[in-house]
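kindly return the folded structure for what I paste below:
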Amino acid sequence: MDTYSKADLHIHTIFSDGLMTPEALIEFVGTQTDLQVIAVTDHDTIAGALVARVYAERFPDDFHNLEVIVGAEITSADGDILALFIEADIPPKLSVAETVECIHEQGGIAIAAHSNAHLLHYFGIEGMKGAGKYIKTIPFDGVEVRNATPTEIYANWVTTYSNRTGQKLAETGGSDGHYLPTVGNAYTIFREKQLLICAKP
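Model prediction:
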């Protein structure tokens with residue numbers, strides 16, 4: 001019988017623009033959700049992820065051996081990119097290609113975040129910027145096709161279609177959570193190297 005694990009690969013804390021401490025995040029995920037893996041991906045810094053990892057590892061039994069991936073959401077010049085499994089900060093404002101190269105130099109995984117996020121810009125609001133036009137050419141390791149931010153419902157569909165008619169990258173889901181109740185609202189289900197995407201009902 002196949003065993004699947006559940007991961008939220010896109011979460012922010014007070015180390016960038018999130019409203020929760022890394023410790024509060026770990027306590028919530030470890031006691032109130034069925035997530036086995038989370039990635040802490042603050043904007044342009046791994047500081048929050050490092051705090052979260054240390055806290056989870058300090059109390060493994062209390063938090064059901066929750067695995068914390070150290071990551072960051074890198075602000076490239078051409079769109080936001082999730083960097084997972086990195087151990088040093090990556091400079092912002094590099095090109096998409098340069099950012100992906102820096103992530104790979106650390107042995108990390110580069111995921112195009114909310115690739116077709118445009119709705120907020122129509123209302124003159126600064127926020128998410130996607131690298132959608134690059135997901136067919138740049139060697140990303142994956143693409144976020146489920147982002148739980150309410151503005152991304154249509155963009156998620158566009159990203160899925162673009163990916164499946166392009167490089168067919170591994171598809172991931174993440175809540176893009178900035179406060180506790182949103183964590184786990186979108187997630188990645190995986191078995192070994194196979195990725196399946198589900199959105200929380």
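
check what pLDDT Glu152 gets.
Per-residue pLDDT puts Glu152 at 88.

and Ser5, by the same measure?
88.

okay, now it: neighbour count?
15 (other Cβ atoms under 10 Å). (C-beta placed from N, C-alpha, C; glycine too.)

run through the bridge partners of it.
Counting by DSSP bridges, Ser5 is bridged to Phe190.

what's the least confident helix or strand in this structure, going by average pLDDT?
Ranking every helix and strand in the chain by mean pLDDT, DSSP states H and E puts helix 119-122 at the bottom, with a mean of 52.

against Gly30, how distant is Asp61?
Counting by Cβ to Cβ, to the nearest Å, the separation of Asp61 from Gly30 is 10 Å.

in terms of neighbours, single out the busier of these two.
Neighbours were counted for Asp61 and for Gly30 using other Cβ under 10 Å; Gly30 has more, 20 against 7.

after the least confident helix or strand of the chain, which helix or strand is next?
strand 142-147 (DSSP states H and E).

now for that next one, which elements pack on it?
strand 5-11, strand 109-112, helix 153-164, strand 170-174, strand 186-191, strand 194-199 (3 or more Cβ pairs under 8 Å, 6 or more residues apart in numbering; DSSP states H and E).

averaging pLDDT over each of those, which comes out lowest?
Taking the mean pLDDT of the helices and strands packed on strand 142-147, strand 194-199 comes last: a mean of 54.
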